[in-house]
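Asker: Below is the sequence, then the predicted model.
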Amino acid sequence: MSDPSDQLKTPPVADDLTGTSVGRFVIRGRLGIGGMGQVYGAEDTTLKRQVAIKRMAARLRLDPHDRKRFLKEAERASALNHPNIAGIYDVVEDKGEILLVMEYIEGATLRQRLTQPISPEEFFDIAAQCGEGLEAAHEKGIVHGDIKPENIMLTPTHRVKILDFGVAKRFSRSPSDATESLQGMSGSFGGTPAYMAPEVLLQKPLDGRADIFALGLVFYEMLGGRQPFLTDSFGATLDRVLHEEPPPLSQVKSNVPEALSNIIGRMLAKDPAERYATARDLLVDLRAVQGGSQLTVLKTRRPPPRRRVPAWSVVLAIVVLVAVLLSIPSIRHRLSGWLARTQTKQESSGAKILPQAKNVAVMPFQPVEGDPQLTMFGNGLVETLTAKLTALSDNHPLQVISATEVRDKHVTTLQQARQEFGVTLGLQVTLQHSGELVRATYTLTDAKNGRALQANTVTAPITDSFAIQDQVAEGVASALGVQLRPEERQALQAHGTSLPDAYNYYLQGRGYLDDAYKPENVKSAIILFTEALKLDTNYGQAKSGLGTAYWWKYGLEKDKKWIDKARQECSKAVELGNAGAEGHTCLGLLANGTGQYEQAVEEFQRAVQLEPTNDQAYSGLAQAYQHLNKLDEAEKTYQRAISLRPQYPDGYVRLGTFYLQQAQYAKGVDMFSKAVELAPDSYRAYFNLGAAFADQARYAEAIPPFEHSIAIRPTYIAYNNLGTVYLRLRRFADAAHAYREATKLDNREYLAWGGLGDAYHYLGDRAQAMEAYKRAIELAKEQLQVNPNDAEVLGDVADYYAMQGDRQQALFYLDRSLQFGRGNKDLLFNAALVYADLGETGVALEWLKKSLDAGFSAATVREAPTFDRLKDDPRFQQLLREKTN
C-alpha cells in the first residue's frame, strides 16, 4: 500500500464513478450519498457477484490523518464475520480514491420500515439481531459509533444487517481540535448527532456502551414513534442529548410494558457506567422480557450507586422482586399484555402453552466465532439431537424438521421456517466455551409470535460430551411435553461408544459433513472419524460416518477407489450391529448411486425397520423403486413417509413430483395444493403448484401461483418458470421480462439465458437472441464439465445450437443426449424441437410421435411456439388428434 501523501499528488477525481471500472470492479450506479462519502453498486467481474463500494469523501481522503485512520478501521472491521454485520471485502486505492468494497445488501433500511407500525414480534426479532451484531463486534474491540435507522438494513429474508462497521466513526483529531470538530459535526454526520452518546459528542474516549446508547434511541423510536432528542436546531439537539431525560416509553406508549421501558431507559443512561456493560447483558434482558420470564435485571431510569454485595443476595432480591411484581395483577398485565395479546389466563399467569400441533424446526447451529472445533461439535450435536427427537415421533405427537433440511432450503430465521415448513415451534441450541467447561443453551420458541416458551442452560466439562448431549436431549424432550418411556430414555442416552472422547470426535465429524460440498470439510470429517475409531475400533456409527465421508469424497473427485472404501466401512458398521440404521442407510445411498437398485431396496428396507422414522431412508427407498420401475411400491413409500409426518409440506412435494414424472398431473396438483395449504407463506410451495399447472398446459392457471411465489420471495426459478409460461401463451415481451429478472437473480443458470434467447427470437430481435443463446451454451458447457453425461443439459445445448442454425453441433449434442437418456419422453420431445428448429419437419414429426407414445403431453406440444409453423400440416394435426383422443 502506497504512502497516503503520495496519493495526494494525483489529479482531481471525477464527481460520479458510474460507468467506470476500478480494478476488477465495474461501477453500475450510485446508491446513495452520506457524510462519509458516496456508495455505488458494482459488479466484481472475477467473483461474479454484486458488491457495494463506498467512496471515501474528499475531505477525509485528502487529510493524511483521517486517511490513515480510515484504512486502519476498515482493516479491523474486515475481520468481522457475522450474519448481522455487512461484510467488508477489500479496500482499493486507485488514482487518489479510497474505495471500500462491501457486501451488497438487498432490502430496505429500518428508517424506511419505520413509516409503518412495527409489531411486538418484529421489534424483538430486529432488536435481538441488532444486539447480536453489536455483541460480535464489541468482542473484537470494534465500536460502530453511528448506529441509527439508516445504518440498519432489513433484507427480504428478515435478516438484520448493520452497515458501516469500522467506517462510521467520527475521525477525531487532536484534543486541541475538539471544538472545531464539534462545530463541524453537523455537516460531517449528516444530522445524526441525535443518535450519539454524550461521551461521543464531548469527544471523550468511547467503547461499546456508546453503541448501546445509540441502539437504545433506535429502540425508543421503533416503539415510541419518535426520536426523543431530535429537534430542528442542531444546538438544541445536542443540549437534549447531553442534559435532558426522555420520558419513559411506558408513559409515551401505554402498551409498552414497564420492564421493556426500563431496559431502554438503562440503555439511555447519560453515564456509560449506568448502561449495560455489554450487548450480551442487554440480550439476556430482552429475551427474558420477550419470553415473559423473570428478568435478570429490572432497572429504573436512574440506578443507585453500585456497592459490593454478596452475589447470592442479589439473586435472591431479584427473585423476590419479580415474584412480588408478578403477584400483582395489574403489573402482571402490563408485563404480559403487550407481548402476546392473545394469551389465555393460564399463559398470562406464567404457564407456557405449547401449540396443539408440535411441529418443530431444529435451527442450524450458529458458528462460534474463533472456535471452529466447538462449531463442528455443535453441528454434530444438533444433528444427533434431531435424530433422537425424530425417533420419539414414532410414539408421540411430534414432527421434526432437521437442521439439514432447514439449511438446504436456505432458511435462516424461524419466521422463514414457519413459512417454508409450516412449523409451530423452533429449537435453537447454542454453545459457549468457558475454560474447561462448555455451556449449552437450548431455547424453544413459538414460531407464530416469536415468544420463547422454554429456555435452559446446562454446563458440563468440554471433555464430557455424553453429559452435554444427554442433558440437552432430555431437557428438550421435557420442554416439548414428551413423557419419556424407559426405553426411550435409554435411547436418548445411547451414544454408540463408552468413550466420551470418541463420541466427541464423532460429533465433530458429523458437524463437518453438514457442509460436505467443501472438499476441506470432507477431509476433516475423515480425519475425525478415523480418530474416533482409533479410540474405539468397534464404534459402528463412526464407521458409517467414515463410509459416508468416503462417498462424498467420491462425489467430489470421481475416483472409484473411494466407492470401495465407503462400501468397506459401511459394511463393517452393519457387521458390528451397533450402528443402528446408519450403516444400512449408507449402503443404500451407495447402491442407489452406483445403479444397484435391488440392493438399495434391501438396505433401505432394513434401515426403516431399525428406525421407522428415518426420512432419508424412505426417500432413498422410493427412488430405488422408481429406478426399478416398481411405481406402485414407490408411490406407497412416498405415502408412508407422509403418514409419518402429515404436517410436513415436502412430503407432499416429493409425492407430487413423482406424480408429475408419471404424467399423473391432476394428482400432482392435488399434492402441491396440500403443500400450499400446510405452508401458505412458502414461496416454494407456490412455484411447485405453478409448475404442476404448467405441466398440464394450464398456463393461465400457472401464472397466479408463480406471481404469488415471487411476491413472497423473488427467486430465479419462479421467474424462469413464469417466463416459460408466458412463452407458451405467446406473450413474448412478458416472457423476455421474466427471463431478464431471472438472469439478474442468478446469471450463472443457463436455462434463463436460453429462454431469453427464445423470447427475443419470437420478438424478431435476432441479434439479442443470438447473444442470449451464446451465453446459454457457454454456461451449459461449464455444467457439462462437472457431469459430461447429463442428458438434459446435452439436449438443451443441442436446441440452442439449432436455434443458431448450427446443424452439425446441434446433432452432435442431440446424439449424446439420446445416448444417455434413452426412452425419456422429455428428451424425445427435445429431439423433435431440435429437428423442427433446423427446419427438418419430417424427422421432427417422427421424434414427436416417439415422445407422445412415451407419454409426453399432447397439450404441451400444441402450446409449444416451435410447432406453430406446423399447425396446418396434416401429419402434425393427425398426431395430436390420435393422442388427444
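Answerer: Arrived safely.
Asker: Quick one: end-to-end distance for stretch 146-160.
Answerer: In stretch 146-160, first residue to last residue: 16 Å (C-alpha to C-alpha, to the nearest Å).
Asker: got the contact list for T841?
Answerer: 835, 870, 873 (C-beta atoms under 8 Å, 6 or more residues apart in numbering). Using the backbone N, CA and C atoms, a C-beta is placed for each residue, glycine as well.
Asker: again with E882
Answerer: E882 makes contacts with L852, as judged by C-beta under 8 Å, 6+ apart.
Asker: Can you tell me how far it is from R698?
Answerer: Computed as C-beta to C-beta, to the nearest Å, the E882 to R698 distance reads 22 Å.
Asker: Write a PyMOL command that selects only the buried members of the contacts of T841.
Answerer: What follows is the PyMOL syntax selecting those of the contacts of T841 that are buried according to 16 or more other C-beta atoms under 10 Å:
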select buried, resi 835+870
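Asker: In TSV, list the contacts of T841 along with pLDDT.
Answerer: TSV is the format used below for the contacts of T841 (pLDDT from 0 to 100):
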residue	pLDDT
Y835	96
L870	91
D873	91
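Asker: Which of the contacts of T841 fall in helices?
Answerer: The members of the contacts of T841 that map onto helices under DSSP state H are Y835.
Asker: how about the helices in the stretch 301-450 of the chain?
Answerer: Here the stretch 301-450 of the chain has its helices, by DSSP state H, counting those that start in this stretch, at 311-327, 329-336, 345-348, 372-392, 403-408, 414-421.
Asker: Would you single out the least confident of the ones you listed?
Answerer: Out of the helices of the stretch 301-450 of the chain, helix 345-348 stands lowest, with a mean of 29 (criterion: mean pLDDT).
Asker: Tally up the residues packed near S673, please.
Answerer: S673 is flanked by 17 other residues according to other C-beta atoms under 10 Å.
Asker: tell me the contacts of it?
Answerer: Here S673 is in contact with L689 (C-beta under 8 Å, 6+ apart).
Asker: which SSE is it in?
Answerer: helix 665-678 (DSSP states H and E).
Asker: element containing the nearest residue to N830 once chain neighbours are set aside, please.
Answerer: Counting by C-beta to C-beta, 6 or more residues apart in numbering, N830 lies nearest to G795, which is 4.2 Å off, once chain neighbours are set aside. Secondary structure assignment for G795, by DSSP H and E: helix 791-804.
Asker: for the following helix or strand past the helix holding S673, packing partners?
Answerer: Downstream of helix 665-678, the next assigned helix or strand under DSSP H and E is helix 683-695. In this structure, helix 683-695 packs against helix 414-421, helix 649-661, helix 665-678, helix 699-712, helix 716-728, with contacts taken as 3 or more C-beta pairs under 8 Å, 6 or more residues apart in numbering; DSSP states H and E.
Asker: could you redo the last one with a cut-off of 6 Å?
Answerer: With contacts defined as 3 or more C-beta pairs under 6 Å, 6 or more residues apart in numbering; DSSP states H and E, helix 683-695 has these neighbours: helix 649-661, helix 665-678, helix 699-712, helix 716-728.
Asker: Nearest to R111 among those helices would be which one?
Answerer: helix 699-712 (23.4 Å; C-beta to C-beta).
Asker: show me where pLDDT drops low in the stretch 151-300 of the chain?
Answerer: Along the stretch 151-300 of the chain, the model assigns pLDDT under 70 to residues 166-192, 233-235, 291-300.
Asker: Please enumerate the helices of it.
Answerer: Going by DSSP H, counting those that start in this stretch, the stretch 151-300 of the chain shows helices at 178-183, 185-189, 198-201, 208-224, 234-243, 249-252, 258-267, 279-291.
Asker: possible to save those as CSV with mean neighbour count and distance to H158?
Answerer: What follows is the helices of the stretch 151-300 of the chain, written out as CSV (neighbours: other C-beta atoms under 10 Å; distance: least, C-beta to C-beta, whole Å):
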stretch, mean neighbour count, distance to H158
helix 178-183, 13, 38
helix 185-189, 17, 29
helix 198-201, 18, 30
helix 208-224, 24, 15
helix 234-243, 16, 31
helix 249-252, 18, 24
helix 258-267, 24, 21
helix 279-291, 20, 16
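Asker: Which residue is the nearest non-sequential neighbour of L492?
Answerer: Excluding its sequence neighbours, the residue lying closest to L492 (C-beta to C-beta, 6+ apart) is A473, at 4.7 Å.
Asker: ah, wrong one, I meant L745
Answerer: Y716 (4.3 Å).
Asker: thinking the one you found is in contact with A742, fair?
Answerer: Yes: counting by C-beta atoms under 6 Å, Y716 touches A742, with 5.0 Å between them.
Asker: what are the ranges of the helices in the stretch 751-885 of the chain?
Answerer: 766-786, 791-804, 807-820, 825-837, 841-853, 858-863, 874-884.
Asker: who are the neighbours in contact with I703?
Answerer: Residues in contact with I703 (C-beta atoms under 6 Å, 6 or more residues apart in numbering) are V725.
Asker: Quickly list the domain ranges of this structure.
Answerer: As assigned by automatic domain parsing, the chain contains the domains 4-103, 108-170+191-346, 356-446+455-481, 787-885.
Asker: quick revisit: got the helices and strands packed on helix 683-695 as JSON lines, with distance to E569 columns?
Answerer: Shown next, in JSON lines, are these (distance: least, C-beta to C-beta, whole Å):
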{"stretch": "helix 649-661", "distance to E569": "29"}
{"stretch": "helix 665-678", "distance to E569": "37"}
{"stretch": "helix 699-712", "distance to E569": "42"}
{"stretch": "helix 716-728", "distance to E569": "37"}
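Asker: okay, these, which one's buried deepest?
Answerer: helix 716-728 (a mean of 24; mean count of other C-beta atoms under 10 Å).
Asker: follow-up on the earlier one: identify the residues contacting the residue nearest to L745.
Answerer: 742, 745-746, 749.
Asker: of those residues, closest to Q490?
Answerer: So of those, ranked by how close each gets to Q490 (C-beta to C-beta), first place is D746, at 48.2 Å.
Asker: confidence score at the closest residue to the closest one other than its chain neighbours?
Answerer: In this structure, D746 finds its nearest non-sequential neighbour in Y716, 4.0 Å apart by C-beta to C-beta, 6+ apart. The score at Y716 is 90. That number is its pLDDT.
Asker: now Y716: how far from R76?
Answerer: 36 Å.
Asker: Would you format the helices of the stretch 151-300 of the chain as a markdown table with distance to K543 included?
Answerer: Shown next, in a markdown table, are these (distance: least, C-beta to C-beta, whole Å):
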| stretch | distance to K543 |
| --- | --- |
| helix 178-183 | 66 |
| helix 185-189 | 62 |
| helix 198-201 | 59 |
| helix 208-224 | 48 |
| helix 234-243 | 64 |
| helix 249-252 | 59 |
| helix 258-267 | 51 |
| helix 279-291 | 41 |
